[in-house]
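Chemist: What shape does this take:
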Amino acid sequence: MAQMSRKAEHGTDEQQLQGIVERIMPHLLNLYGSTATAKDFEIYAPHATFEDPLMRAQGVDQIKSAFYTLPKFFGESRIVEYTVKENVTAPGKVEIIIDNKQHYKIFGRDVDLTTQIRLNVEDGKVVHHEDWWDKKPLKNRDTVNFPLMGRAAEVTRRGSMLLTHALMRFGKDPKP
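Modeler: From the prediction side, this is the model:
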């Protein structure tokens, strides 16, 4: 069972933070636990993006495809522990950083991964979701020494997402 520790960063507006994490976390746990339903994706704004080292999804349908693939590849997947930091960045905007440990089972082997999930929330909806494996920023033209290599990483993630999106029936929700 995942444990939550919560810390609000200095300069936060407690009233604005109240309830956002409590509303979003159960849905994130379902997404990463391979038990997502259509309702779990209601935390995202229609134009939201999701990015990890393997893919970059644009829009809720592509985000659905990204998470609906988890049970296809892993015998198990879940967040086993996490801590949350929240910070109001502007009126109606909150940054949520979730340091966590994820557990996967692939080909019968247990794999544990330490990641950092970074959420940008505007007006109560996630607009940008990044998953930094080993807590390392994603490689892109702004984070590598040679911008062309970063751009190649970005293009590869988009291509991977488009292929996944097609294979997952373009984000269609599974039938109950």
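Chemist: how about the helices of this protein, start to end?
Modeler: Assigned by DSSP state H, the helices in the chain fall at 14-17, 20-32, 60-68, 70-73, 147-167.
Chemist: Can you list the buried residues in the second one?
Modeler: I take that to be helix 20-32. Of the residues in helix 20-32, 20-21, 24-25, 27-32 count as buried by neighbour count, 16 or more other Cβ atoms under 10 Å. Heads up, the C-betas are built off the backbone N, CA and C, glycines and all.
Chemist: What is the neighbour count of Ala90?
Modeler: 8 (other Cβ atoms under 10 Å).
Chemist: tell me the contacts of it?
Modeler: Contacts of Ala90 were listed using Cβ atoms under 8 Å, 6 or more residues apart in numbering, and none were found.
Chemist: Show me the beta-bridge partners of it.
Modeler: Here Ala90 sits in beta bridges with Lys93, going by DSSP bridges.
Chemist: ok, so what distance separates it from Val121?
Modeler: Using Cβ to Cβ, to the nearest Å, Ala90 is found at 11 Å from Val121.
Chemist: can you check Tyr68 too?
Modeler: Computed with Cβ to Cβ, the distance linking Tyr68 and Val121 is 22 Å.
Chemist: where does the chain dip in pLDDT?
Modeler: Applying pLDDT under 70 to the chain picks out residues 1-18, 139-144, 146, 148, 150-158, 161-163, 165, 167, 169-171, 176.
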